[in-house]
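# Sequence unavailable; structure follows:
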């Protein structure tokens, strides 16, 4: 009922930049918090950044000052601008949409399929 499609991952050298996008689609009336999480090989999934519907943001300490999360409510899309990338940022990045209100009146949480970000040294 809710599909999240991510794009923008890839391979970049240390110090470079990437921009991730995630668009939510389906029978959506309203999307609540949106966020990005990542999972490196052998590690647990961790929070990268979240953004509330009206713009309040939260960042992991490791990305504060380098990454910027934003959203376009009209497009049900969330973005992650990643600057000054480091090899330790290498991971699969997942998009999350929380408290998605459907036209049916139900709420859903949804995850994207993930997009690979690889930072070479």
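Looks like it arrived, so ask away. It should be emphasised that the depicted structure is a prediction, and the values quoted were computed from it without experimental measurement. Residues are numbered from 1 along each chain as shown.
# if I pick residue 110, what's in contact with it?
Neighbour list for residue 110: 2-4, 24, 96-97, 100 [criterion: CB atoms under 8 Å, 6 or more residues apart in numbering]. (Glycine included, C-beta is placed from N, CA and C.)
# List the ones among the residues you listed that fall in strands.
The strands, defined by DSSP state E, take in 2-4, 24, 96-97, 100 from these.
# In the residues you listed, find the pair that's most separated.
Spanning the widest gap among the ones in strands among the contacts of residue 110 are 3 and 96, at 13.0 Å by CB to CB.
# Which of those two has more residues huddled nearby?
Per other CB atoms under 10 Å, whichever of residue 3 and residue 96 has more neighbours is residue 96, with 19 against 13.
# Next, the contact list for the more buried one, please.
Counting by CB under 8 Å, 6+ apart, residue 96 touches 4, 34-37, 109-112.
# Of the residues you listed, grab the buried ones for PyMOL.
The following PyMOL line selects those of the contacts of residue 96 that are buried, judged by 16 or more other CB atoms under 10 Å:
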select buried, resi 4+34+35+36+37+110+112
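# Local confidence estimate at the residue nearest to residue 79 when sequence neighbours are not counted?
Closest residue to residue 79 apart from its sequence neighbours, by CB to CB, 6 or more residues apart in numbering: residue 70 at 4.9 Å. Model confidence at residue 70, expressed as pLDDT, equals 98.
# how far away is residue 70 from residue 9?
The gap separating residue 70 from residue 9 is 17 Å, by CB to CB, to the nearest Å.
# Between these two, which has more neighbouring residues?
Applying other CB under 10 Å to residue 70 and residue 9 shows that residue 9 carries more neighbours, namely 18 against 15.
# Please give me every residue in contact with that one.
Residue 9 sits in contact with 18, 20, 93, 115-117, where contact means CB under 8 Å, 6+ apart.
# Would you convert those into JSON lines that also reports neighbour count and pLDDT?
Putting the contacts of residue 9 into JSON lines (neighbours: other CB atoms under 10 Å; pLDDT from 0 to 100) gives the following:
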{"residue": "18", "neighbour count": "21", "pLDDT": "98"}
{"residue": "20", "neighbour count": "23", "pLDDT": "98"}
{"residue": "93", "neighbour count": "23", "pLDDT": "98"}
{"residue": "115", "neighbour count": "22", "pLDDT": "97"}
{"residue": "116", "neighbour count": "11", "pLDDT": "98"}
{"residue": "117", "neighbour count": "22", "pLDDT": "98"}
